[in-house]
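*Asks:* Next one to model:
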Amino acid sequence: MYKILVVNLGGTSTKVALYNDETPVCEGSLRHTDEELSACVDNTAQIELRNKVIMEWVRENDVNLDELDAIVFRMVTTGGLCKTGGTYRIEGALKDRLLQIYEKNFPKATHPGIITYPLLLKILDGRDVPIYAIDPDDVDEFSDVARISGHPDFPRTCGIHMINQKAIARKASEDLGKKYQDTKLVVAHLGGGNSIASHDHGRIVDSTHAANGEGPFATTRSGALPILDVAKAICSGKLDLRGVMNILMAQGGFIAHTGLSDMRLIEKKAEEGDANCELVIQAFIYHVCRYIGAQFAALGCEADAIVLTGGIAYSKRVVEAVTACVGKLAPVMVYPGENEIEAMVVGTLRVLRGEEEITPVKA
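*Replies:* Below is the predicted model of the structure:
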């Protein structure tokens, strides 16, 4: 039996979990107030804050750090060393690069994931426990033709829910009686942000990129926008870069159209006769189907399945409408929600059990 500690940092939370093999022993979502976070003058202070709450959780749950076989975390950036999905052990050049990225982002990191590795070192306090990361956020497996946009100064890049995309693709492949490396799938993660990707024999060869203004709008993200109109708004002074990023990442999509970001409330209002909510739901379904079709084309118009996941995959209306449309292309499989923690555990276990090799870094 392997004991694995999982650490996943969010903007206002620290999620931790202890697993014995695939079985969760204890989990915690440790919240941080705005006052606590604003009081952290630099990365060092935030590491101290998060370490304090983690160690309190460790004591409360009688977690013995000396018994750990591994720690796994969400790695948001690898400085270009991780070219493919898989399980990476943090050592050698990758360890050095993560520390370099941390130093470069001192005094305040732009994403909490950047401070995770130094935080783990503090938690371990010299213990010789291997540290792993699964399917890093900045992995880019695009085919060469997929990288080409309409201008060489602006190449396309991959920007998706990497951990959940890979985990659900593996699960769907297993349920199809195949290995992930033997399937062709379109996976649509639908939620606060959307990512729709084409998985071709174990590689994500194309996808939408919400942060770059690609794909369907989501609950709080705008997805694709008419670029000339955005450029005019910037030139007129109506928008600056911060304003554009706010529309793309936080105040676009459903919340901009309806004032709501909870799909359940939006559907309820539509059912009660709100014509605007009804129209926006229809538009969302339309755009999701449109981009699924594009990713289906990226696979050469053949796929073993189209897979729906993410929080909005709990919506019966959305799932039924999308299935009625794209089900004509390939069978539709549905896995609502997401479980990044479970996916990280399973990826670590594959390596610990010798079922999979550690993925090598490539400079």
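*Asks:* dump the residue contacts of Ile285.
*Replies:* 318, 321-322, 325 (CB atoms under 8 Å, 6 or more residues apart in numbering). Every residue, glycine included, has its C-beta placed from N, CA and C.
*Asks:* Just give the closest residue to the residue most central in space within the chain, not the sequence neighbours.
*Replies:* A centroid search over the chain (CA atoms, centre = their mean) returns His161, at 2.6 Å, as the residue closest to the centre. Distance criterion CB to CB, 6 or more residues apart in numbering; nearest residue to His161, sequence neighbours excluded, is His189 at 4.5 Å.
*Asks:* can you list the weak-confidence ranges in the stretch 1-150 of the chain?
*Replies:* Across the stretch 1-150 of the chain, nothing is flagged by pLDDT under 70.
*Asks:* Just the endpoints, please. Distance across stretch 199-206?
*Replies:* Using CA to CA, to the nearest Å, the end-to-end distance of stretch 199-206 comes to 8 Å.
*Asks:* gap between it and the chain center?
*Replies:* Per CA atoms, centre = their mean, to the nearest Å, the displacement of stretch 199-206 from the mean C-alpha position of its chain is 16 Å.
*Asks:* Averaged pLDDT, it. What do you get?
*Replies:* What stretch 199-206 shows for mean pLDDT is 97.
*Asks:* List the buried residues for that stretch?
*Replies:* Under the neighbour-count criterion of 16 or more other CB atoms under 10 Å, stretch 199-206 has 199-200, 202-206 buried.
*Asks:* now stretch 252-270, how far from the centre of its chain.
*Replies:* Here the centre of stretch 252-270 is set off from its chain's centre by 22 Å, with CA atoms, centre = their mean.
*Asks:* after the helix or strand hosting Lys269, next one along is what?
*Replies:* Element membership of Lys269 [criterion: DSSP states H and E] is helix 263-271. Tracing the chain C-terminally past helix 263-271 and defining elements by DSSP H and E, one meets helix 275-298 next.
*Asks:* by how many degrees do that next one and helix 263-271 diverge?
*Replies:* Counting by axes from the mean of the first three to the mean of the last three CA atoms, to 10 degrees, helix 275-298 points 120 degrees away from the direction of helix 263-271.
*Asks:* returning to that earlier point: show me the contacts of Ile285 that map onto strands.
*Replies:* Among those, no member falls in strands (DSSP state E).
*Asks:* residues in contact with Thr323?
*Replies:* By CB under 8 Å, 6+ apart, Thr323 lies in contact with 308, 332, 334.
*Asks:* and it, what pLDDT?
*Replies:* According to the per-residue confidence, Thr323 scores 98 in pLDDT.
*Asks:* Same question for stretch 344-358: list its buried residues.
*Replies:* 344-352.
*Asks:* Revised request: answer the last question for stretch 151-165.
*Replies:* Judged by neighbour count using 16+ other CB under 10 Å, the buried positions of stretch 151-165 are 156-165.
*Asks:* From the residues you listed, which one has the minimum pLDDT?
*Replies:* Ranking the buried residues of stretch 151-165 by pLDDT puts Gly159 at the bottom, with 87.
*Asks:* Please enumerate the helices of the stretch 101-250 of the chain.
*Replies:* For the stretch 101-250 of the chain, the helices defined by DSSP state H, counting those that start in this stretch cover 116-124, 144-147, 162-175, 227-235, 241-249.
*Asks:* now those helices as JSON lines including distance to Leu65?
*Replies:* Listed next are the helices of the stretch 101-250 of the chain as JSON lines, based on distance: least, CB to CB, whole Å:
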{"stretch": "helix 116-124", "distance to Leu65": "7"}
{"stretch": "helix 144-147", "distance to Leu65": "43"}
{"stretch": "helix 162-175", "distance to Leu65": "24"}
{"stretch": "helix 227-235", "distance to Leu65": "49"}
{"stretch": "helix 241-249", "distance to Leu65": "36"}
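*Asks:* what's the most buried one of those?
*Replies:* When the helices of the stretch 101-250 of the chain are scored by mean count of other CB atoms under 10 Å, the highest mean neighbour count falls to helix 162-175 (a mean of 22).
*Asks:* Could you list every helix and strand that that one packs against?
*Replies:* Counting by 3 or more CB pairs under 8 Å, 6 or more residues apart in numbering; DSSP states H and E, the packing neighbours recorded for helix 162-175 are strand 184-189, strand 195-200, strand 305-310, strand 332-336, helix 340-352.
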